[in-house]
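Asker: Build me a structure from this.
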Amino acid sequence: MEFQKKLSVTETPIPGVLLFDVPVHGDNRGWFKENWQRERMLAAGLPDFGPVQNNISFNDKAGTTRGIHAEPWDKFVSVACGRIFGAWVDLREGPTFGTVFTAELDAGKAIYIPRGVANSYQTLEDDTSYVYLVNDHWSADAEYTFLNLSDETVSIPWPIPLDRAELSDKDKAHPRLKDVVPMPPRRTLVLGAGGQLGKALRAAYANDTSVEFADRSEFDVADPASFTGRNWRRYSAIINAAAYTAVDEAETDEGRGAAWALNVTAVAELCKISARYGLVLVHVSSDYVFDGSMKSHREDEGPAPLGVYGQTKAAGDAVVSVVPRHYIVRTSWVIGEGSNFVRTMAALAGQGVTPTVVDDQVGRLTFAEDLAAGIRHLLRVKAPFGIYNLTNDGDPQSWADVAAEVFELVGAARGDVTGVSTEDYFRGKAAAPRPLNSVLELDKIKATGFAPADASQRLAEYLHSSV
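Answerer: This next block holds a predicted model:
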């Protein structure tokens, strides 16, 4: 065997399949290699796939042939001793279905096989040990896909003809490519699909069959029973659009408990699931995690919530931040389908009412369709994990400014809206404290290639189509 001195990786015709040259150090006693070294493998381009099990297949004779099997987990394959001819076939849904890659592996080579790519090999020497790391435990209820070793379409050039090779009866009986059902991609689960953001996410993913939606009747995140009996191996991501948002009610004894249950305890359960199964967790947060004392808020600003609702959202953020693969999306003043501030102001204008509206709380509207589009963008481009502010763009406005703009857009007079301070508006009322400045800086989300639309433009479009 020729000893390798440097770790390197080569892409293959099958997307995601990576062939590695692994350093092997030898002398008169034999050889040594670091078969799996996470830090160096990641630096070379291997995904952080989180192996949980190490398997070894020992083969007595040259010509032993195994496969072709596609499992719902990722593999890192190497050879401890001997030599194999490996063949891999893409059995995933999509344009590369049926693509084949072959290579010889010895102790100096290894290969990464993503979920849904079928694996097979033929030993070229006696006493060959085939080693593979996997990132999930074997399960009888897992989804497997098989292909016949002698399929004419993929036409694998086995070095030793199959009629002279050692095969199992099961491997001889697998279907041909034309009869194989492609392995579907892992799914994205949207929770809280009945809310304003949930409905916008339904629209954003309307043509994507890999996204599954669940409203509270189908998956109540506050109910521990919702987390049991679900095959989490089928998912790659969770978008948590469910939350307790009754800001004033959260200040009451009953509301406080409900807010903590939904915004913290339930979120912690989602975090456990995400960490255990390696899922991406998208969690929607709020400007209420800040006290509003800054002119604008960056993602790295520490939380300083004023009320119970803000405290629960800040606590939820802290829990989500420990999930290895997470996006915390902070937003403000969400406007979507259903009852909201813009609809209320438009209705008042139509009735000839002249409202008094708070004029010292400043921020930007966030239209649910843009919030949904931004979340989809982060997942699609695989942006670096972490916290992202996401609102519409444009000049910050007060609630009174927004109300005046609504009045003007529906044909009433801007002057029909009278401004009032937060203190005076809520004087004598049981109300949660509000941050006076909710402006969220958008530089980080823009750096990923997402440009939020101007809030005033979206407001005019929303009123034209929805009111």
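
Asker: In contact with residue 336, which residues are there?
Answerer: 195-197, 199-200, 367-369 (CB atoms under 8 Å, 6 or more residues apart in numbering). Heads up, the C-betas are built off the backbone N, CA and C, glycines and all.

Asker: mind redoing it with 7 Å?
Answerer: With contact set as CB atoms under 7 Å, 6 or more residues apart in numbering, residue 336 has these partners: 196-197, 199-200, 367-368.

Asker: Equivalent analysis for residue 329, please.
Answerer: Residue 329 touches 282, 284-285, 375, 388, 390, counting by CB under 7 Å, 6+ apart.

Asker: State the three-state secondary structure for it.
Answerer: Classification of residue 329 using DSSP: H, G, I helix; E, B strand; the rest coil returns strand.

Asker: what separates it from residue 304, distance-wise?
Answerer: Relative to residue 304, residue 329 is positioned 19 Å away (CB to CB, to the nearest Å).

Asker: before we move on, the earlier item: closest to residue 396 among the contacts of residue 329?
Answerer: residue 390 (15.3 Å; CB to CB).

Asker: Among the contacts of residue 336, list the two that are farthest apart in space.
Answerer: 199 and 367 (12.1 Å).

Asker: out of the two, which sits in the busier spot?
Answerer: residue 367 (25 against 21; other CB atoms under 10 Å).

Asker: pretty sure that one is touching residue 332, no?
Answerer: No - assessed by CB atoms under 7 Å, residue 367 is found out of contact with residue 332, at 11.6 Å.

Asker: now residue 342, nearest residue through space, not along the chain?
Answerer: Nearest in space to residue 342, with sequence neighbours left out and distances taken as CB to CB, 6 or more residues apart in numbering, is residue 335 at 5.2 Å.

Asker: for the one you found, what are its contacts?
Answerer: 341-342, 365-368, 462.

Asker: same thing but 8 Å
Answerer: So residue 335 contacts 196, 341-342, 365-368, 459, 462 (CB under 8 Å, 6+ apart).

Asker: can you list the domains in the chain?
Answerer: Structural domains assigned to the chain are 8-179, 187-466, following automatic domain parsing.

Asker: Adding mean pLDDT, write the ones you listed out as JSON lines.
Answerer: JSON lines is the format used below for those (pLDDT from 0 to 100):
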{"stretch": "domain 8-179", "mean pLDDT": "94"}
{"stretch": "domain 187-466", "mean pLDDT": "94"}
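
Asker: Residue 401 against residue 359, yeah?
Answerer: Yes - with contact defined as CB atoms under 8 Å, residue 401 reaches residue 359; the gap is 7.5 Å.

Asker: hmm, back to that, from the contacts of residue 335, pick the one nearest residue 150.
Answerer: Using CB to CB, residue 368 is the member of the contacts of residue 335 that lies nearest residue 150, at 53.4 Å.

Asker: Within its local environment, how many residues does the closest one see?
Answerer: 25.

Asker: Most widely separated two among the contacts of residue 329?
Answerer: Across the contacts of residue 329 (CB to CB), the longest gap, 12.0 Å, separates 285 and 375.

Asker: Have a look at these two and say which one is more surrounded.
Answerer: residue 375 (27 against 24).

Asker: what's the closest of the contacts of residue 336 to residue 41?
Answerer: For the contacts of residue 336, the nearest to residue 41 is residue 197 (37.3 Å; CB to CB).
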